[in-house]
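Asks: sequence and predicted structure are below.
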Amino acid sequence: MKEKNSVSRRKFLKGAGVVAVGAGATALAACAPAAAPAPTAAPAKPAAPAPVVLKGATINWLGGSWSFLPELDPVISDFAKDWATQNGVTINFERESTNLAAKIQTAIETGKGANIIQLADAPAGWAKSLADVSTVAEKLSAEGGGYLPAAPFQCNDGSKWIALPLGQHNWFMNYRADWFKEAGYDIILWGFGGKEFNPDGSIALDSKETLAALDYFIKFHKQAGDPEEIAYDDGANNTNFNQGKISLTANVNTIYLPAKKNFPAVAEGMNHAIPPKGPAGRFGACTLPWWGILNHTKGADLDAAKAYIGDFMAMKNLGKFYKAGQGYILPLLPKYDSEDIWPSDPKLAIAKEMFKLALPAGYALKNQNKLASLMQSKLIVGKMFAQAAILNDSRKALDGALKDIADLKLLA
Amino acid sequence: MASARSQDSTPGAFISRLFYRESTLGPILLSPGFIFLAVMMAYPFIYAVFLSFTDKVTGGAPTFNGLENYQKLFSTDLFRKTVVNSVVYTVFALVLKFLGGLGLASVLNRPFVGIRYAKALMLLPWIMPTVFSTMIWQWILAPGFSVANVVLVDKLHLFAEPLPFLRDETLSMASLIGINIWRGLPFFAITFLAAIQGVSTEILEAAKIDGATPWGAFWRVTFPIILPVVIVVILISTIGTLGDFDLPYLLTRGGPNNSTTLFSLTAFTLTFNSGLIGIGAAVTMTMFPLLIVLIVSSLIMVRRRQQG
């Protein structure tokens, strides 16, 4: 069964493109200062809220299943089962594969159905329908040493928290170490200094840095890319790597883990690396799956939804989720650094290095706005890189992206 | 008897009178269908018209904004592409389905060994669920290793490199049109075949005696007789093709670079992916003037034909 998270992840990869598309697009999307981002200061511990009565409340959870790593679903379900029993709350899970956005829209418009939603699209696109979860976010942030910048960027609208990040998908460079030894192949260059937005919200895409990144990508694609790479989705990316057709791609651990079972020679020969350093520094890119509470949830149901999320995302519980993921999804709180959640497999040790490195698309904004969220969902940057390769013309590709952005600005 | 019934004022007699009179029986029989259509079709349609004149977004209250949505839409590249794609897709698919369907119907109108099997096989693409058939086409046209490219490149040696069916803008649209034709051709063929088989053999024999060639008899005798059926089939297919959603959604998601997005898909993505419900509704409304012109002109043609 497919799920929204994986679709979005697929969209991201497809958009960011595999191999060099991924490199270029991600560099562009995630160009950041060379230094790893510092965690935000942990806010003061909020005053203890008045005790609430949860018994009898109902939570309806709606989201995708973790189809790429099915081990994650039981972690969520098992916790929910125990928590529901202990608190006298009914929790219903609905895992939707193909039409999650439409189902969520229906819940929003009818004010019925889901209370908690799980998505990987930018929360800013759903801001009008999400309840304020600042108290939960601040408590979790305080416990974990303050969220890394990617979390407030995407889940805080500037005045309040509208979503709670479950973690981050980070894009490791998956490569065939055995092939690289043979071919001496250079690692892809990341980070040309291009970006989507200026901090004041104006579009920053039309720059010489963007053109340089596109020109680099065109050259790279011609020389080293699989001709079909720009049409890859996660499936093609994984399949082609495991079949030995490609030797370098951007992905989480969903090439390596299946390869250990089904393609042991590939698993033996491959490894993971952090993205290579580019002229503007070393950058990682991430997407954030999140949970939010729809704002038609009221009274005891709202209290229960907040309490449930707060308890599930507490470090001792969410840590089990990260551990089960083996690097598939990484935390956003620095205190996890010393927790026993990291993959024991040495080839996935890179996860610990990656989790503080990555930033989300449009990072230069203080908080992700509606336009930035639309650009993310419409894969504007990834499409620009794909078009550059198809048209063999960086300027035309950039102009096309600027037109798309102008359309989005007008419509939104 | 009738007089006695009309004088009876019991509820049973009243209901009986309603069913007895033609003037009331017709509306009574029509009412379930009418109510169903009103609730399931008319209400959503009217609500969509209303939304198209508002700034409705997901989770927000709709506020009337006049023609603003339409003004915005008409000035975007996305909408221009949507219109061009929809027209290209509909025209090419319809013309080719019409010609192919007519040809296939003519072939199937002649007896040959295995005709029953041929008819059954021909219907397969039409009766196969679109989700299933589109998955098969995705495998056939997939990037990299695919059945189509193995045949074209490795077996037939027609091309040196694999063709990027779903990556190139023109090839993607061509693929979409091709699959639509493959899926819709049986409907055209079987309907035309039924119409052709309804043409009186006496008329055709008379034409033959008068010296008409098979080609002349078809175009001057058979085709004019089946024309009302042809018009209705084209009309139905136009509505379906112009509003096609499942095929582009499943095969290309409107890409690459919006080159295969059609009215319904653009409306869907704006509504559900971007949360712009008012704008999405406006996209669907832009289809209707075109459809109304087509429907009215087709019905006028059929009526004139029947009167003539």
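Replies: Good, I have the coordinates.
Asks: count of residues packed around the residue in chain B that chain A sits nearest to?
Replies: The nearest approach of chain B to chain A comes at B:Gly59, 3.3 Å away (Cβ to the nearest Cβ). Backbone N, C-alpha and C define where each C-beta goes, glycine included. Neighbour count for B:Gly59, taken as other Cβ atoms under 10 Å in any protein chain shown: 18.
Asks: double-check that it belongs to a strand.
Replies: No: B:Gly59 sits outside any strand when classified using DSSP: H, G, I helix; E, B strand; the rest coil, being coil.
Asks: show me where pLDDT drops low in the chain?
Replies: By default, I'm working from chain A. A:1-52, A:176-191, A:224-236 (pLDDT under 70).
Asks: ah, no, chain B please
Replies: Within chain B, the ranges that satisfy pLDDT under 70 run B:1-7, B:143-145, B:308.
Asks: tell me the domain ranges of it?
Replies: B:1-52, B:56-307 (automatic domain parsing).
Asks: tell me which of those domains sits most buried.
Replies: Among these, domain B:56-307 has the highest mean neighbour count (mean count of other Cβ atoms under 10 Å in any protein chain shown), at a mean of 17.
Asks: between the two ends of that domain, how far is it?
Replies: Domain B:56-307 has an end-to-end distance of 48 Å (Cα to Cα, to the nearest Å).
Asks: off-centre distance for it?
Replies: Mean-position distance between domain B:56-307 and its chain equals 6 Å (Cα atoms, centre = their mean, to the nearest Å).
Asks: for chain B, what's the nearest residue on the stretch 301-412 of chain A?
Replies: A:Asp407 (4.2 Å).
Asks: doesn't that residue belong to a strand?
Replies: No: looking at A:Asp407 with three-state DSSP, it is helix, so not inside a strand.
Asks: OK, contacts around it?
Replies: In this structure, A:Asp407 makes contact with B:Thr76, B:Asp77, B:Leu78, judged by Cβ atoms under 8 Å, 6 or more residues apart in numbering or on different chains.
Asks: skipping adjacent residues, who's closest to it in space?
Replies: B:Thr76 (4.2 Å; Cβ to Cβ, 6 or more residues apart in numbering or on different chains).
Asks: any idea which residue sits dead centre in the chain?
Replies: Just so you know, I chose chain A. Centrality entry for chain A: nearest residue to the mean C-alpha point is A:Thr287, 1.5 Å, by Cα atoms, centre = their mean.
Asks: ah, no, chain B please
Replies: Geometric centre of chain B, nearest residue: B:Gly240, 1.9 Å, by Cα atoms, centre = their mean.
Asks: B:Lys97 versus that one, what's the distance?
Replies: Going from B:Gly240 to B:Lys97 by Cβ to Cβ, to the nearest Å gives 11 Å.
Asks: mutual contacts of the two, please.
Replies: B:Gly184.
Asks: can I assume B:Phe272 sits in a helix?
Replies: Yes: under three-state DSSP, B:Phe272 sits within a helix.
Asks: so what's it up against?
Replies: Applying Cβ under 8 Å, 6+ apart to B:Phe272 gives the contacts A:Ala101, A:Ala102, A:Gln105, B:Gly280.
Asks: verify the stated contact: the residue nearest to the centre of chain A with A:Ala120.
Replies: Yes: under the criterion of Cβ atoms under 8 Å, A:Thr287 makes contact with A:Ala120 at 5.6 Å.
Asks: run through the residues of chain B sitting next to chain A.
Replies: Residues of chain B found near chain A, taking Cβ under 8 Å from any Cβ of the partner chain as the criterion, are B:57-60, B:72-73, B:75-78, B:142-144, B:161-162, B:164, B:166-168, B:255-257, B:270-276, B:279.
Asks: which residue sits closest to B:Leu299, ignoring its sequence neighbours?
Replies: In space, B:Leu299 is closest to B:Leu235, 7.9 Å off (Cβ to Cβ, 6+ apart).
Asks: any idea whether the one you found is helix, strand or coil?
Replies: Put simply, B:Leu235 is helix when judged by three-state DSSP.
Asks: right, and it touches B:Leu294 too?
Replies: Yes: B:Leu235 sits in contact with B:Leu294 when judged by Cβ under 8 Å, with a separation of 6.7 Å.
Asks: quick one: the helices in the stretch 101-250 of chain A?
Replies: With DSSP state H, counting those that start in this stretch, the ranges of helices along the stretch 101-250 of chain A come out as A:134-144, A:150-155, A:177-183, A:208-224, A:234-242.
Asks: return the most buried member of the ones you listed.
Replies: Scoring these by mean neighbour count under mean count of other Cβ under 10 Å gives helix A:150-155 as the most buried, with a mean of 26.
Asks: what's in contact with that helix?
Replies: By Cβ under 8 Å, 6+ apart, helix A:150-155 touches A:37, A:40, A:122-124, A:137, A:141, A:161-165, A:168, A:286, A:288, A:290, A:332, A:358-360, A:363, A:365-368.
Asks: still on that earlier bit, which among the contacts of B:Phe272 end up buried?
Replies: A:Ala101, A:Gln105, B:Gly280 (16 or more other Cβ atoms under 10 Å in any protein chain shown).
Asks: do you know how far the first one is from B:Tyr70?
Replies: The span separating A:Ala101 from B:Tyr70 equals 24 Å under the rule Cβ to Cβ.
Asks: for A:Lys347, same thing?
Replies: Taken as Cβ to Cβ, the span from A:Lys347 to B:Tyr70 is 55 Å.
Asks: hang on, the earlier thing: so which of the residues of chain B next to chain A belong to helices?
Replies: Assigned to helices by DSSP state H, the following of the residues of chain B next to chain A qualify: B:Lys72, B:Leu73, B:Asp77, B:Leu78, B:Ile279.
Asks: give the closest residue to A:Leu148 in space, chain neighbours not counted.
Replies: A:Leu332 is the one closest to A:Leu148 (Cβ to Cβ, 6+ apart), at 4.9 Å.
Asks: which residues sit in contact with that neighbour?
Replies: Counting by Cβ under 8 Å, 6+ apart, A:Leu332 has contacts A:Gly144, A:Tyr147, A:Leu148, A:Ala150, A:Ala151, A:Pro165, A:Gly167, A:Gln168, A:Leu288, A:Phe355.
Asks: how about it, secondary structure?
Replies: coil.
Asks: one more: the one 10 residues further on?
Replies: Using three-state DSSP, the secondary structure recorded for A:Trp342 is coil.
Asks: okay, the host helix or strand of B:Thr134 in CSV with CA atoms only?
Replies: Applying DSSP states H and E as the criterion places B:Thr134 in helix B:130-141. Presented in CSV, the C-alpha positions along helix B:130-141 are these (Å, rounded to 0.1, in the frame of the first residue of the first chain):
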residue,chain,number,x,y,z
THR,B,130,-9.0,2.0,-16.4
VAL,B,131,-6.8,1.7,-13.3
PHE,B,132,-5.8,-1.8,-14.4
SER,B,133,-5.2,-1.0,-18.1
THR,B,134,-3.3,2.2,-17.2
MET,B,135,-1.0,0.2,-15.0
ILE,B,136,-0.3,-2.1,-17.9
TRP,B,137,0.4,0.9,-20.1
GLN,B,138,2.8,2.3,-17.5
TRP,B,139,4.8,-0.8,-17.7
ILE,B,140,4.7,-0.8,-21.4
LEU,B,141,5.9,2.8,-21.7
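Asks: having no further points to raise, I will conclude here.
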